[in-house]
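>>> Fold the stuff below for me.
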Amino acid sequence: MSLFASPAMTPSPSKASTSNDMTSRAIAAGSVPPIAAKTADSFDRAGLDMPVALRRRLPRLATSSFLVAGDIASYLVAYFVVLSFFPSGLEGTLAARTFTIAALAAIILYASAGLYPGYRLHDHEHLRRRTVAAVKVAVLAAFGAVILPEGERLLLAIIGFLALGLIVQPFVHWLARGLCWKLGVWGERAAVIGGGNLTPALVAHFKNHWQYGIRPEAISSDNLEALPDGGPCIAVIAGDRGALAPDLAAMRRKFAEVILLSDTPSLKVSGLRPADVGGEIGIRLTNSRSSVNSDLVRRILDLAIAIPASIVVAPFIAIAAAAIYAIDPGPVFFRHTREGLSGKPVHVLKLRTMYQDAEQRLEAVFRDDPNMRAEWLSHFKLKDDPRVLPVIGHMLRASSIDELPQLVNIIAGQMAFVGPRPFPEYHLSAMDSEFRDKRRSVTPGLTGLWQISERSNADIELQQQLDEFYIDNRSLWFDCQIILSTIPAVFKRRGAY
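A predicted model of the protein is given here:
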């Protein structure tokens, strides 16, 4: 694994990386459509003659303006929705001014939290900062409800207004970021300086994950002096930095920010954080141990979602069960023993999507088709699986409806909503023992990081990398972001089979 000096970034590719390495596919943003990367910004392409400092600030200012406009539009949508639910007494000037002040206060807090433009922040960090800002505004509104006349009448409406804004904003920002990228104003230009095959791997990584706000340009350390004044404002340095040490002072004068990538292949961990120890460069290793309070909050959140969700999805499960029985009469539910927290067995409940003689069918395929065996050993899944029931089986697996009975496992406390998926023993046996021990340290989940990013497209190495990153960076906000990203990931059906 590798370490960005900036804590907001994911681990970068290691020395053995290539442009199509697993690391270059690290953490999918999952919320923004991929668009071909651009290097020079629109102001450069337009050939506008302006001071260097202004040219560097304008893309950031333009992006921030789009994002602020998106937040204003989100609050307008929330306002009209609130009006439809609270039609009486909210049409007056006092209500309109109150909502305007609440929205303005939230946007000011967003700006103070660094969310405009919010480069190099993960989605769950965006969610955390926005939620904290909205809660602060709601608290101020509660005080206003006590002090101001008729304030109590508006309190519930304001809370609903702020909550709806939080729901609408991610979608609007998805559009705003994509528009900014198309216009060539999203992100900051970065000079990527590395040895060997690190440079093309890093450039490919940042282009594939442009949402981080890094627009990479491969540059040799020998050509630094030839860079124009209006060039990249960030330098990303990887590889052997010993040879570059004499140039660091010059780089700090030339670039507004210098990011050193530290390769740590012998540590094999992803929970790395930078640390400043008396001015010396240090590396801090974090662990995933949760406090009693966070575990309690997770459990309450799981029950708050699982209990009503199980009631809502019960009719769909009944219809699917009837279809399964009509195609292949027999038990419609499938229970399989998986490894759970601390290695305890968990009897995972699923809707049956395969024929009852599935194992015999699989063995027959392996005998007849070596390519299918190779695909199985790489992913432990088959795109054209002869064991899957026609029509209903593929539909249930693609939509993940077959996993819904596991809400019972969540209510029973055997599983959580978010966590590493509970794999069968044959799947776990392909992973190293150290990583299996790490998986046992957390409760298995109904959904997880690799489910919202790669799903069945992920091979064993990438599954392990994504699960390891989640465990080492686990937090309530990360869990909330994964839950919110699961629904669009299911509808996209990418990598589901």
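>>> all contacts plus neighbour counts: C-alpha atoms, from now on.
Will do.
>>> got any ranges where the stretch 151-300 of the chain has weak pLDDT?
151-152, 195-197, 221-226, 228-230, 239-247, 262-292 (pLDDT under 70).
>>> tell me the helices in it, going along the chain?
151-183, 198-208, 248-254, 292-327 (DSSP state H, counting those that start in this stretch).
>>> Counting by contacts, list what the first one packs against.
If you count contacts as 3 or more C-alpha pairs under 8 Å, 6 or more residues apart in numbering; DSSP states H and E, helix 151-183 packs onto helix 52-85, helix 93-112, helix 123-147.
>>> For it, buried residues please.
Under the neighbour-count criterion of 16 or more other C-alpha atoms under 10 Å, helix 151-183 has 151-152, 154-166, 168-170, 172-178, 180-181, 183 buried.
>>> Can you tell me how far Val77 is from Arg128?
To Arg128, Val77 is 22 Å away according to C-alpha to C-alpha, to the nearest Å.
>>> One more: Asp328?
47 Å.
>>> again with Pro232
Counting by C-alpha to C-alpha, the gap from Pro232 to Arg128 is 30 Å.
>>> and if you look at Ala364?
51 Å.
>>> neighbour count winner among the two?
Arg128 (17 against 11; other C-alpha atoms under 10 Å).
>>> residues contacting the more buried one?
Trp477 (C-alpha atoms under 8 Å, 6 or more residues apart in numbering).
>>> where's it relative to Thr447, distance?
20 Å.
>>> okay, now the domains of this protein?
For the chain, whose domains are defined here by the TED database, the residue ranges read 52-183, 188-286, 292-353+388-492.
>>> want to throw the ones you listed into TSV with distance to Asn371?
Output for the domains of the chain, formatted as TSV (distance: least, C-alpha to C-alpha, whole Å):
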stretch	distance to Asn371
domain 52-183	38
domain 188-286	29
domain 292-353+388-492	15
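>>> of all those, which lies closest to Lys381?
domain 292-353+388-492 (7.2 Å; C-alpha to C-alpha).
>>> next one: that closest one to chain centre, how far?
17 Å (C-alpha atoms, centre = their mean, to the nearest Å).
>>> In a markdown table: the helices and strands packed on helix 151-183, plus mean pLDDT and distance to Arg252.
Converted to a markdown table, those look like this (pLDDT from 0 to 100; distance: least, C-alpha to C-alpha, whole Å):
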| stretch | mean pLDDT | distance to Arg252 |
| --- | --- | --- |
| helix 52-85 | 87 | 16 |
| helix 93-112 | 87 | 26 |
| helix 123-147 | 86 | 28 |
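>>> Indicate which one of the ones you listed is closest to Cys480.
Of these, the one closest to Cys480 (C-alpha to C-alpha) turns out to be helix 123-147, at 7.3 Å.
>>> SS state for Asp402?
helix (DSSP: H, G, I helix; E, B strand; the rest coil).
>>> correct me, but it touches Lys350?
Yes - between Asp402 and Lys350 there is a contact under C-alpha atoms under 8 Å: 5.5 Å.
>>> So for the two, which sits in the more crowded spot?
Applying other C-alpha under 10 Å to Asp402 and Lys350 shows that Asp402 carries more neighbours, namely 23 against 18.
>>> List the residues that contact the residue nearest to that one when sequence neighbours are not counted.
Leaving aside its sequence neighbours, Asp402 sits nearest to Leu351 (C-alpha to C-alpha, 6 or more residues apart in numbering; 4.6 Å). Counting by C-alpha under 8 Å, 6+ apart, Leu351 touches Ile317, Ala321, Val332, Phe333, Phe334, Ile401, Asp402, Glu403, Leu404, Pro405.
>>> could you dump those to TSV with distance to Arg440?
TSV is the format used below for the contacts of Leu351 (distance: C-alpha to C-alpha, whole Å):
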residue	distance to Arg440
Ile317	30
Ala321	32
Val332	29
Phe333	26
Phe334	23
Ile401	26
Asp402	24
Glu403	21
Leu404	23
Pro405	22
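>>> So how do I select the buried members of those in ChimeraX?
For the buried members of those, the matching ChimeraX selection, counting by 16+ other C-alpha under 10 Å, is:
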select :317,321,332,334,401,402,403,404,405
